[in-house]
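Asker: Dropping a prediction and its sequence here:
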Amino acid sequence: MMSSNNGWVLLIGRTLLAAIFLWSGFGKVMAYAGTTGYMENFGVPGAILPAAIALELVGGLLLLIGWRTREVALILAAFCVVSALIFHTDFADRNQMIHFMKNLSMAGGFLALFVAGAGAISADARRA
């Protein structure tokens, strides 16, 4: 059932999903060398760290304002799945299993957002 509150609920959902990416992107900037080392330990070239930071910060901001939300949601869903598969597959470590499941859960949230769209309180709604 559609409700007049759906715009607010989608705004809150977008904000909560964006928060982890904004926080994580900022954290990567502040711990650049450590993050590069972490990535390289998993065989991921540290040279792509700027792209990951940009994706997290720009994607988080676009999600927050609700601009091109469906496209951003698909990109971030893929990012979550790829990150889970690269960095969080040590299932013997309970913490890594939790991170794996968190990433997959966020991907699910992004897929739902892809279907629902940004809602009435968004840049997408203003340009429509």
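Answerer: Nice, I can see it.
Asker: Show me the helices in the protein, by range?
Answerer: Chain-ordered helices for the chain, with DSSP state H as the definition, fall at 6-30, 32-41, 49-65, 69-87, 94-116, 123-127.
Asker: Using TSV, please lay out those helices together with mean neighbour count and mean pLDDT.
Answerer: For glycine as for every other residue, the C-beta is placed from the backbone atoms N, C-alpha and C. Output for these, formatted as TSV (neighbours: other CB atoms under 10 Å; pLDDT from 0 to 100):
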stretch	mean neighbour count	mean pLDDT
helix 6-30	16	97
helix 32-41	14	98
helix 49-65	18	98
helix 69-87	18	98
helix 94-116	16	98
helix 123-127	14	95
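Asker: Tell me how far Phe21 lies from Ala78.
Answerer: Counting by CB to CB, to the nearest Å, the gap from Phe21 to Ala78 is 13 Å.
Asker: With Ala19 instead?
Answerer: 19 Å.
Asker: what's Trp67 sitting at in phi/psi?
Answerer: Per-residue torsions, Trp67: phi -110, psi 120 (degrees, to the nearest 10).
Asker: Give me the nearest residue to it, chain neighbours excluded.
Answerer: Ala123 (3.9 Å; CB to CB, 6 or more residues apart in numbering).
Asker: ok, the residue nearest to Gln96 when sequence neighbours are not counted - how many residues close by?
Answerer: In space, and not counting its chain neighbours, Gln96 is closest to Asp90: 4.4 Å by CB to CB, 6+ apart. By other CB atoms under 10 Å, the residues close to Asp90 number 12.
Asker: In terms of pLDDT, where does Asp90 sit?
Answerer: On the pLDDT scale, Asp90 is placed at 96.
Asker: How about Met2?
Answerer: With respect to pLDDT, Met2 has a value of 54.
Asker: related to what we said a few turns ago, just want the phi and psi numbers for the residue nearest to Gln96.
Answerer: According to degrees, to the nearest 10, Asp90 has phi -80, psi 80.
Asker: same check, this time on Ser122
Answerer: Per degrees, to the nearest 10, the backbone of Ser122 is at phi -160, psi 160.
Asker: what residues are up against the residue lying closest to it once chain neighbours are set aside?
Answerer: Excluding the flanking residues, the one nearest Ser122 by CB to CB, 6+ apart is Gly66, at 2.5 Å. Contact analysis of Gly66 by CB atoms under 8 Å, 6 or more residues apart in numbering lists 10-11, 14, 118-119, 121-125.
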